[in-house]
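Engineer: Have a look at this fold, sequence not included:
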């Protein structure tokens, strides 16, 4: 007998948690250096909007592991311009923009960097082919 239960699959990210050692420093980096829209700050947490996704910066609770966050890929329309802008703002890139994959209709480019807390982040550009 066929199941009538809808197929489950994750399809959207509502919020991403990024660990911060120094919340004020992290807020300045995400707001002023990356230019992400700042939403609000409460004790031990700050929130930003990134497209449809909220990014929460937070101080680890006592007893939680203190490690870097998962890698977050920020989709940009022009990776060369985004890279140059962030370099001008003092971001030290781990890798410059580079081609990582050729899909049938676009080329995928990445550039890795660290935030003020040592977390690895990346710019991602899906360059459409004409």
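Structural biologist: Okay, I see it. What you see is a predicted model; the values in this text were computed from it and never measured.

Engineer: Residue 81: neighbour count?
Structural biologist: Neighbour count for residue 81, taken as other CB atoms under 10 Å: 11. Quick note: C-beta positions are derived from backbone N, CA and C, even for glycine.

Engineer: wait, I meant residue 11
Structural biologist: 5.

Engineer: Please state the backbone phi and psi of residue 24?
Structural biologist: phi -60, psi -40 (degrees, to the nearest 10).

Engineer: Ok, residue 23 next?
Structural biologist: The phi and psi values for residue 23, taken as degrees, to the nearest 10, are phi -60, psi -40.

Engineer: Pull the contacting residues for the closest residue in space to it that isn't next to it in sequence.
Structural biologist: With sequence-adjacent residues excluded and distances taken as CB to CB, 6 or more residues apart in numbering, residue 23 is closest to residue 59, at 5.7 Å. Taking CB atoms under 8 Å, 6 or more residues apart in numbering, we find residue 59 in contact with 19-21, 23, 44-45.

Engineer: any idea how far residue 84 is from residue 59?
Structural biologist: 32 Å (CB to CB, to the nearest Å).

Engineer: Could you do residue 115 as well?
Structural biologist: 18 Å.

Engineer: List the buried residues of stretch 104-119.
Structural biologist: For stretch 104-119, a neighbour-count test (16 or more other CB atoms under 10 Å) marks 109-113, 115-117, 119 as buried.

Engineer: which residues touch residue 34?
Structural biologist: 74, 86, 115.

Engineer: helices or strands up against the longest helix along the chain?
Structural biologist: What stands out as the longest helix in the chain, according to DSSP state H, is helix 79-88. When contacts are defined as 3 or more CB pairs under 8 Å, 6 or more residues apart in numbering; DSSP states H and E, helix 79-88 packs onto strand 106-114, strand 120-128.
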